[in-house]
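test case, fold it:
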Amino acid sequence: MMFLPEDQWSPRYEKQFYTIRMKKYTTLHNPSEIIKEANNADPYEDDDDACQLFGFCNNNKKKYPAVYYEIEVMSGTTIHTCLRRYSQFHLLCKQLDPNGDMGLKKILPPKTAPFRKLSNTFLEERMSALHAFLGDLLIRQECVNNPLIEQFLELNDN
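Residues are numbered from 1 along each chain as shown. Next up is the predicted model:
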């Protein structure tokens, strides 16, 4: 599949083209909300406490609230939503650019200090920066048809 920026994409394009949009985030205040967000599906990829590249994070050792950014992936007339935490963006960055040769860490927004309050303004700005990060990432030649990106955006699940 080939990424097009949202202003160049149209629903009349066939399924080989896709775009993304990030306009919303969800704050979960306790683990039981994860189940509700997953429509009663099993939210964990495996039993460890690490965030997986896609799916929900198993947050047994993490503190709440947990913020999930909603990524709308549009392809043809199909739209699906992926919920991703900042830590999953960070993991994607590390897996795509383990040696820092692509410079992805420079365009990924910084982590939050543990004592920082997650204000709406901060979350909106971070969502915008994560959207810009993904947009920059998806137009790079070395990322076209990358299985990690396809997994992160659930491109093959539809």
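
how much space between the most centrally placed residue in the chain and residue 94?
In the chain, the C-alpha nearest the mean C-alpha coordinate belongs to residue 84, at 4.0 Å (Cα atoms, centre = their mean). In this view, residue 84 and residue 94 are 14 Å apart by Cβ to Cβ, to the nearest Å. From N, CA and C alone the C-beta is placed, and that goes for glycine too.

next one: residue 70
For residue 70, the distance to residue 94 - Cβ to Cβ - is 22 Å.

what sits up against stretch 73-82?
1, 9, 11, 13-15, 17-21, 54, 70-72, 152-155, 157-158 (Cβ atoms under 8 Å, 6 or more residues apart in numbering).

need the contact list for residue 16.
1, 2.

please repeat the previous calculation with a cut-off of 6 Å.
Shown in contact with residue 16 (Cβ atoms under 6 Å, 6 or more residues apart in numbering): residue 1.

need the pLDDT of it.
Per-residue confidence at residue 16 stands at 86 (pLDDT).

my read: residue 26 touches residue 66, true?
No: at 8.9 Å, residue 26 does not count as touching residue 66 under the criterion of Cβ atoms under 6 Å.

neighbour-wise, which of those two wins?
Legend: neighbour count by other Cβ atoms under 10 Å for residue 26 and residue 66, higher for residue 66 (21 against 13).
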